[in-house]
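Participant: Got a predicted structure plus its sequence, pasted below:
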Amino acid sequence: MPPASNATRTTAYHEVAAGNNSEPLTKQFHNLNLLNMVERDVNYKKRHLRLTIGLIVLTVVVLGVAGVLTWYFTRSDYLTTEEVLGSVKINAHKLSGSILTKGSSDSQFFQLGRSTAGPLTFTRYCSLDNARALLKDDRYRYLCLLYTSAEQSAAASSSKGAANSAPDYRLLIQVNPSAAVDNQEDFECYDFRWDFPSRLGLTDYFTTDGGHVYGGGQRPLQKWPSNFQPTKNQTVTSEPHSSNGFLNVVVPYWLFTTGVSIMADGTSNTISLTLNRTTPNSKTADPNSGFRFGVNAKDPKAGEPTIQTFAYTLCVGPNVTSVHQNSVRKYRDPTVAGLEEALIERPVWTTFALGIDEHHNLDQEAVASFAEVLQDSGLPVSQIIIDPRWESQPGEGVFQPTFFPNPAILVDSLKARGMSAQLMVHPFIAQNTTEYSLLTADRNTRSYLAQEGGLVGGALIEVTWWMGRAAMLDFSKIEAVKWTAARVKSLFDQFGLSGCWFLGGSSGWLPARRSPGSESAFRRNFFAKFADGAGQVCGGTVTVDVSARFSRKIVRIADARWEPGKTSEENLQSQLKSIIPSALTVSLLGHPIFVSSTIGGNPFVGLNGQLDFQNAEAKYPSAEAYLRWLGAVLFFPILQFSIPPTVFPEDAARHEKYDVLQLTKNLLALRHNHTDYLLRTARAAAQTGYPMIRPLWWSFPTDRTAWTTDSQYLVGDDLLVAPLVAMGVGARGVYLPEGRWLVAANGQEERGPKWMAVAVRLDEVPHFWRIKAL
């Protein structure tokens, strides 16, 4: 029956009320009730339909909103709200972010957590108790995040056990307390710390887009900036026998032109570095290029930690100079380095060029005659450094009686000439010496010698040194340092010596082993502690070959290595170009005062890093190379000679005579004219830890040309030096940064920034004084 309309119902009521309907009254009311029932049923169905439609619409809307939100928060460029900790902004899910530098709107972009266990998935934040156990000081802000590696997730899925699903990587970022205490408004530091299984590795990546990076350590044929000398998975420790590794000064510190510095913790793990010259010009971190460093997987043995740590401190400042100055203040040795000013005033001379017979032996008379020739030739001398041939056997600790019958007379004769005598000492002890027998006879003293893996009772490490097979003292053991110091002090007291040059100490002398866990820790500690031990052995005037931290000790820049397959001239040319980059690198690594590499190169070092007297003469530099080398280092803190200028005959290559002695004296006289300025600058460097030899960007931190200038340097604040580091040419281009400059050669004033051509004679070094506004 079709439903009744409103008009039908109204008519029916009226007809019943008026009695107009011919049907019985009861039937009429019955029909009316039927109409009402039908109406109620229809209304109920309508309401039910509307409710159903409303619920469907509401569900669609909710699901739509949820879908939009899900898409928004899981899209590829945004997984979660970025966490901000001071200048550090990080996306916790993607482990990417940026560091807002203080000097401009530029940012340093990074990508963290490239793991050998596969991609890391953000799991949760650390608990409060867990985080506090890691913090250096819980008064300062931090961010603590837990991650699960793909390997861990796969293991959990295969075992279907909750025990394997726990996060295996932890990242802690904290405002560095010491930086906060310094209250430097333009200097902030943050500690980054990863903890993860030792059997796995991890790397973090920082872009170098549009900028450059410096530091890490001296390398063979050094380039400047450091990203102009690519390396891949290079261990950041001393490997002087490696063709592409780091040499003697190795500090895990890097400086970016964006105003960021990084100091890695090289004591907990050995750092591995990959550095490329260029990166894409984009804001996206490319993990295959730029600056990438981390730690490699280990093979922990029984009793060794199963968790390893990768930690570093990142600091931010307005520019590259400001952040480095504050970093020096943060990391420098608080002890002010002693400064023997005679070393600044006059060069040091080693005895390697001397030999009295076909076996290249050295004797007392040869050393005395050497000093006499130098003085009679009018050459300045501060110290005569007697090379290790003064001993009969390495490690005996006594003068060879046949060749040095009366060392005291030799020392006194040098003093009478205004020179001091110093000995080269080293950590090697020949196996056929009495000292070796005594040390190895007792279990306690045997531990003074380096043992495989650094393990007590392990096999003694044997090395092939240029004076034969030998064991090696381990200066990571304080007892070995004390034993050596007592022997050296006895020599000092007996013969009136005042100091020594300490050779060796590189972990490159340690043979590689198959246990990367314990072995890497031993190699790291052996190298890191050697310079400190050498300082205790020789006293305050020690010059060391190696360094692993900002120690302010005087270090000797490693001599450039000869490359096989190149001619003598080709080797000398490439070595010349590396002189200034090496000096700038060592200066930035916490050594404001250093000894130059051997002037003219070191022909006594063979291709394998061992001393080689037999073939040395064939590698002597030409007169031109010798003089250009001296010009390159002329204003360095301490000059080191081995080959005297009196040995050069006519230069066969040019068929003309150079008066090498006179030209050498002319150059040294030029340096002498600047002695007062050099001494003032050296004193300030020893006090502050700021380098005496500085890159051009030190005073011009935003000058992009200064960032890559590798053949000029500043001495202190005011002196710009631009030597000619090439052979066969007589002029060079000089870059003068912004400002007014006085040309020392002619007294004229030049205004920068500009390039200018300068002719350079063999006894000239172009230099310019900065004219400051009054």
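Facilitator: Looks like it came in fine.

Participant: and the residue lying closest to Ala745 once chain neighbours are set aside, how many neighbours?
Facilitator: In space, and not counting its chain neighbours, Ala745 is closest to Pro766: 6.8 Å by C-beta to C-beta, 6 or more residues apart in numbering. The C-beta positions use only the backbone N, C-alpha and C, and glycine is treated the same way. Per other C-beta atoms under 10 Å, the neighbour tally for Pro766 reads 21.

Participant: I'd guessed Pro766 sits against Ala757; true?
Facilitator: No. Applying C-beta atoms under 8 Å as the test, Pro766 and Ala757 come out as separate, 10.5 Å apart.

Participant: and Ala558, which of the three is it?
Facilitator: Using DSSP: H, G, I helix; E, B strand; the rest coil, the structure places Ala558 in coil.

Participant: any idea how far the residue lying closest to it once chain neighbours are set aside lies from Trp224?
Facilitator: For Ala558, ignoring the flanking residues on the chain, the nearest one in space by C-beta to C-beta, 6+ apart is Leu247 at 4.2 Å. Counting by C-beta to C-beta, to the nearest Å, the separation of Leu247 from Trp224 is 15 Å.

Participant: Those two - which one has more neighbours?
Facilitator: Leu247 (28 against 24).

Participant: Wait, the more buried one touches Leu221, no?
Facilitator: No. Using C-beta under 8 Å, Leu247 is not in contact with Leu221; the gap is 10.4 Å.

Participant: The residue nearest to Leu503 when sequence neighbours are not counted: neighbouring residues, count only.
Facilitator: In space, and not counting its chain neighbours, Leu503 is closest to His426: 4.3 Å by C-beta to C-beta, 6+ apart. Neighbour count of His426, defined by other C-beta under 10 Å: 23.

Participant: Do you know the pLDDT at His426?
Facilitator: Listed pLDDT for His426 reads 88.

Participant: ditto for Lys619
Facilitator: So, for Lys619, pLDDT stands at 78.

Participant: what's near enough to touch it?
Facilitator: Taking C-beta atoms under 8 Å, 6 or more residues apart in numbering, we find Lys619 in contact with Trp562, Ser568, Asn571, Gly601, Pro603.

Participant: how close does Val729 sit to Glu624?
Facilitator: If you go by C-beta to C-beta, the gap between Val729 and Glu624 works out to 10 Å.

Participant: Can you pull out the residues in contact with the longest strand that the chain contains?
Facilitator: Assignment by DSSP state E gives strand 731-743 as the longest strand of the chain. By C-beta under 8 Å, 6+ apart, the surrounding residues in contact with strand 731-743 are 696, 699-700, 703, 705-706, 709, 711-712, 720, 722, 724, 726, 748-760, 766, 768-771.

Participant: So, low pLDDT: which residues of the stretch 1-150 of the chain?
Facilitator: For the stretch 1-150 of the chain, the stretches flagged by pLDDT under 70 are 1-44, 66-81, 102-106.

Participant: element containing the most centrally placed residue in the chain, please.
Facilitator: Centroid-nearest residue in the chain, with C-alpha atoms, centre = their mean: Gly216, separated by 2.4 Å. Element membership for Gly216, per DSSP states H and E: strand 213-217.

Participant: From the contact counts, what lies against that strand?
Facilitator: If you count contacts as 3 or more C-beta pairs under 8 Å, 6 or more residues apart in numbering; DSSP states H and E, strand 213-217 packs onto strand 250-256, strand 271-275, helix 568-588.

Participant: Tabulate the ones you listed (CSV), appending mean neighbour count.
Facilitator: Below are these laid out as CSV (neighbours: other C-beta atoms under 10 Å):
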stretch, mean neighbour count
strand 250-256, 26
strand 271-275, 21
helix 568-588, 23
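
Participant: where among the ones you listed is the average confidence lowest?
Facilitator: Per-stretch mean pLDDT for the helices and strands packed on strand 213-217 is lowest at strand 271-275 (a mean of 83).

Participant: can you give me the strands in the stretch 101-250 of the chain?
Facilitator: Here the stretch 101-250 of the chain has its strands, by DSSP state E, counting those that start in this stretch, at 107-115, 120-125, 142-149, 169-175, 188-197, 202-206, 213-217, 231-235, 250-256.

Participant: Next: the stretch 601-750 of the chain.
Facilitator: 640-641, 693-694, 713-715, 719-721, 731-743, 749-759.

Participant: Could you export those strands as CSV, including mean neighbour count and mean pLDDT?
Facilitator: Shown next, in CSV, are the strands of the stretch 601-750 of the chain (neighbours: other C-beta atoms under 10 Å; pLDDT from 0 to 100):
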stretch, mean neighbour count, mean pLDDT
strand 640-641, 24, 96
strand 693-694, 26, 98
strand 713-715, 25, 98
strand 719-721, 22, 98
strand 731-743, 17, 97
strand 749-759, 13, 96
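
Participant: do you know which of the ones you listed lies nearest Val236?
Facilitator: Val236 sits nearest to strand 693-694 of all the strands of the stretch 601-750 of the chain, at 22.9 Å, using C-beta to C-beta.

Participant: Neighbouring strands - and their directions - for the closest one?
Facilitator: strand 713-715 (antiparallel) (DSSP bridges).

Participant: ok now the strand it pairs with, how far from the chain's centre?
Facilitator: In terms of C-alpha atoms, centre = their mean, to the nearest Å, the centre of strand 713-715 is found 22 Å from the chain centre.

Participant: if we look at that strand, which residues are touching it?
Facilitator: 580, 583-584, 635, 677-678, 681, 692-696, 698-699, 720-721.

Participant: Tell me the bridge partners for the closest residue to Arg694 other than its chain neighbours.
Facilitator: Spatial nearest neighbour of Arg694, excluding adjacent residues (C-beta to C-beta, 6+ apart): Leu714 at 4.2 Å. Residues in a beta bridge with Leu714, per DSSP bridges, are Arg694, Leu720.

Participant: Tell me how far Leu714 lies from Leu634.
Facilitator: Leu714 is 14 Å from Leu634, where distance means C-beta to C-beta.

Participant: Could you do Pro427 as well?
Facilitator: Look at Pro427 and Leu634: by C-beta to C-beta, they are 33 Å apart.

Participant: Which one of those two is surrounded by more residues?
Facilitator: For Pro427 versus Leu634, the count of surrounding residues by other C-beta under 10 Å is larger for Pro427: 28 against 21.

Participant: Ends of stretch 264-276, what's the gap?
Facilitator: In stretch 264-276, first residue to last residue: 19 Å (C-alpha to C-alpha, to the nearest Å).

Participant: what do you get for stretch 110-123?
Facilitator: 21 Å.

Participant: Please shift the residue numbers so they start at 84 in all later answers.
Facilitator: With 84 as the first residue, the last one maps to stretch 193-206.

Participant: any weak-confidence spans in the stretch 484-633 of the chain?
Facilitator: Where the stretch 484-633 of the chain drops to pLDDT under 70, the residues are 536-540, 588-607, 623-624.

Participant: can you pull out the strands in it?
Facilitator: Using DSSP E, counting those that start in this stretch, strands in the stretch 484-633 of the chain cover 503-508, 511-513, 546-548, 551-555, 583-585, 626-627.

Participant: Next, format those as JSON lines and append mean neighbour count.
Facilitator: Listed next are the strands of the stretch 484-633 of the chain as JSON lines, based on neighbours: other C-beta under 10 Å:
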{"stretch": "strand 503-508", "mean neighbour count": "23"}
{"stretch": "strand 511-513", "mean neighbour count": "22"}
{"stretch": "strand 546-548", "mean neighbour count": "16"}
{"stretch": "strand 551-555", "mean neighbour count": "20"}
{"stretch": "strand 583-585", "mean neighbour count": "26"}
{"stretch": "strand 626-627", "mean neighbour count": "27"}
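
Participant: Columns distance to Arg429 on top of those strands, output as a markdown table?
Facilitator: Putting the strands of the stretch 484-633 of the chain into a markdown table (distance: least, C-beta to C-beta, whole Å) gives the following:
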| stretch | distance to Arg429 |
| --- | --- |
| strand 503-508 | 11 |
| strand 511-513 | 30 |
| strand 546-548 | 31 |
| strand 551-555 | 34 |
| strand 583-585 | 16 |
| strand 626-627 | 15 |
